[in-house]
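A.B. asks: Predicted model and sequence below, questions to follow.
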Amino acid sequence: MSKRRKFSAEFKAKLALEALIGELTLSELASKYDVHPTMIASWKRQAKDGMVSAFSGKAAAVNKDGEAEIRDLHAKIGQLTVEKDFLERAFARR
C-alpha cells in the first residue's frame, strides 16, 4: 500500500506555473516531477482561479471581511467576560 504524499505550496505553484506556460504537456510534466497529470491539472485550475481573484480585488475584500469578523469576535469575548464576572460576583454573595 502506497503512502500519500504531501506537496508544498511552492512546489504546487511551480508546477501550476509551468503548466500555464505550456512549454511541456501535462503528461511530460507528470513524468518529469513524478506527479499524476490530474493533480497538475487541478493545481493549474486553482492557480487560474486564484489569479482572477487577485486582480479583481476579491482577495482584499476577503481580508477586510476577516478583520471585521475578528473585531466582532473580540467584542463578543469582552461582553461574555463581563457577564461571566458579573454572574460570579452575584453568586458569590449567596
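C.D. replies: That came through fine.

A.B. asks: Just the mean pLDDT for the longest helix belonging to the chain, thanks.
C.D. replies: Scanning the chain for the helix with the most residues, using DSSP state H, yields helix 58-92. Mean pLDDT, helix 58-92: 87.

A.B. asks: The protein - how does it break down into domains?
C.D. replies: What automatic domain parsing lists as the domains of the chain is 1-56, 57-94.

A.B. asks: Please identify the deepest-packed of the ones you listed.
C.D. replies: Sort the domains of the chain by mean neighbour count, taking mean count of other C-beta atoms under 10 Å, and domain 1-56 sits at the top with a mean of 13. Every C-beta, even on glycine, is put in place using the N, C-alpha and C of the backbone.

A.B. asks: Residue 32 and residue 91: what is the separation?
C.D. replies: Using C-beta to C-beta, to the nearest Å, we find residue 32 at a distance of 68 Å from residue 91.

A.B. asks: can you check residue 15 too?
C.D. replies: Residue 15 is 60 Å from residue 91, by C-beta to C-beta.

A.B. asks: Same question for residue 71.
C.D. replies: Distance, residue 71 to residue 91, by C-beta to C-beta: 31 Å.

A.B. asks: before we move on, what about residue 45?
C.D. replies: Distance from residue 45 to residue 91, by C-beta to C-beta: 57 Å.

A.B. asks: and the longest helix of the chain, how far out from the chain's middle?
C.D. replies: Helix 58-92 sits 23 Å away from the centroid of its parent chain (C-alpha atoms, centre = their mean, to the nearest Å).
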